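S.K.: mind looking at a prediction? Sequence and model below.
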Amino acid sequence: MSESEADLLALLRELDDPGWLERPQHYDRGEAAMHFGVLVARLEVTSQLAARPSRTPKNPS
C-alpha cells in the first residue's frame, strides 16, 4: 500500500462515525431508492437514444 493510500485510509477511519457505521445518520432508504429509480430511468432513455440508427445515409464508396 502506498503512503497516499495509507493516509486516505487513516482519514476515512478518522471521519467514521462510530454510532452510524452502516449508513449515515439521516439516510432514508426510500428516498435513496426513489432517486436511484429516477437515475435508472434517465439512463435507459439516454441509452435508447444513443442506440437509435442514424438517419443520415452512409456513403457507399
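M.R.: The structure has been received and is ready for your questions. Numbers count the residues shown, from 1 in each chain.
S.K.: where does Gln25 sit: helix, strand or coil?
M.R.: coil (DSSP: H, G, I helix; E, B strand; the rest coil).
S.K.: okay, it: pLDDT?
M.R.: The model reports Gln25 with a pLDDT of 83.
S.K.: can you check Leu15 too?
M.R.: Looking at Leu15, the pLDDT reads 84.
S.K.: quick check: longest helix of this structure.
M.R.: In the chain, with assignment by DSSP state H, the single longest helix is helix 29-51.
S.K.: what does that helix contact?
M.R.: By Cβ atoms under 8 Å, 6 or more residues apart in numbering, no surrounding residue is in contact with helix 29-51. Heads up, the C-betas are built off the backbone N, CA and C, glycines and all.
S.K.: mind listing what's buried in it?
M.R.: For helix 29-51, a neighbour-count test (16 or more other Cβ atoms under 10 Å) marks nothing as buried.
S.K.: CA-only coordinates of that helix in CSV, if you can.
M.R.: Listed next in CSV are the C-alpha coordinates belonging to helix 29-51 (Å, rounded to 0.1, in the frame of the first residue of the first chain):
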residue,chain,number,x,y,z
ARG,A,29,-33.6,4.2,2.1
GLY,A,30,-36.9,5.0,0.5
GLU,A,31,-35.7,8.4,-0.7
ALA,A,32,-32.4,6.9,-2.0
ALA,A,33,-34.4,4.2,-3.8
MET,A,34,-36.6,6.9,-5.4
HIS,A,35,-33.6,8.9,-6.6
PHE,A,36,-31.9,5.7,-7.9
GLY,A,37,-35.1,4.8,-9.9
VAL,A,38,-35.0,8.3,-11.5
LEU,A,39,-31.4,7.8,-12.4
VAL,A,40,-32.1,4.4,-13.9
ALA,A,41,-35.0,5.8,-16.0
ARG,A,42,-32.8,8.6,-17.3
LEU,A,43,-30.0,6.3,-18.2
GLU,A,44,-32.5,4.0,-20.0
VAL,A,45,-33.8,6.9,-22.1
THR,A,46,-30.3,8.1,-22.8
SER,A,47,-29.1,4.6,-23.9
GLN,A,48,-32.2,4.2,-26.1
LEU,A,49,-31.5,7.5,-27.8
ALA,A,50,-27.8,6.5,-28.3
ALA,A,51,-28.8,3.2,-29.8
